[in-house]
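# give me a 3D structure for the following:
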Amino acid sequence: MTHFLVFTDTLSEGYIILVTGLIIVFSGLLLLTVFFKYGLPIMLYVYKIITKGRDKKVKEISPRVNKEFTGEIAAAISVAIHMYLDERHDKENAILTIKQARKLYSPWSSKIYGVYNNRF
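Numbers count the residues shown, from 1 in each chain. Sure, this is the predicted structure:
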């Protein structure tokens, strides 16, 4: 009879852990859903009020044209940036030499002690 009580006690303990875990997971998912559905739009609305910024559409943005900035100037700037970034890297010889390293014996990695040591 005592064996049956121990089994039911363990079984009911498992159900308590299961139900608690499910409640935690689904309440977290519910809170995230509520936050993304209602909290985030409210925060964005408050941010828009604080910054007092008006959203601009692409049609409203007028490009300012600088008549002095020509294609030659853009090309000179891009070549200068390319040369600067290319100078930062060292030019090294691409030949690799691989030498076999001599492995020293280590009793820590030896499997022989685990196989033949039967003192139990």
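
# any idea how far Lys67 lies from Leu22?
69 Å (Cβ to Cβ, to the nearest Å). (Glycine included, C-beta is placed from N, CA and C.)

# what does Phe69 give?
If you measure Phe69 against Leu22 using Cβ to Cβ, the figure is 63 Å.

# check Asn66 too.
As for Asn66, its distance to Leu22 is 63 Å (criterion: Cβ to Cβ).

# Ala75 versus Leu96, what's the distance?
As for Leu96, its distance to Ala75 is 38 Å (criterion: Cβ to Cβ).

# oh, I was asking about Met83
Counting by Cβ to Cβ, the gap from Met83 to Ala75 is 12 Å.

# can you name the next helix or strand after the longest helix along the chain?
Secondary structure of the chain per DSSP state H: the longest helix is helix 2-34. Downstream of helix 2-34, the next assigned helix or strand under DSSP states H and E is helix 40-51.

# just the CA trace of that next one, in CSV.
Taking C-alpha atoms only, helix 40-51 is exported to CSV below (Å, rounded to 0.1, in the frame of the first residue of the first chain):
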residue,chain,number,x,y,z
LEU,A,40,4.0,49.3,-29.1
PRO,A,41,1.6,51.5,-31.1
ILE,A,42,1.0,53.6,-28.0
MET,A,43,4.7,54.0,-27.4
LEU,A,44,5.2,54.9,-31.1
TYR,A,45,2.4,57.5,-30.8
VAL,A,46,3.9,59.0,-27.7
TYR,A,47,7.3,59.1,-29.4
LYS,A,48,5.8,60.9,-32.4
ILE,A,49,4.2,63.5,-30.0
ILE,A,50,7.5,64.0,-28.1
THR,A,51,9.6,64.5,-31.3
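
# picking that back up, settle it for me: which of Leu96 and Ala75 has more neighbours?
Between Leu96 and Ala75, Ala75 has the larger neighbour count (other Cβ atoms under 10 Å), namely 10 against 5.
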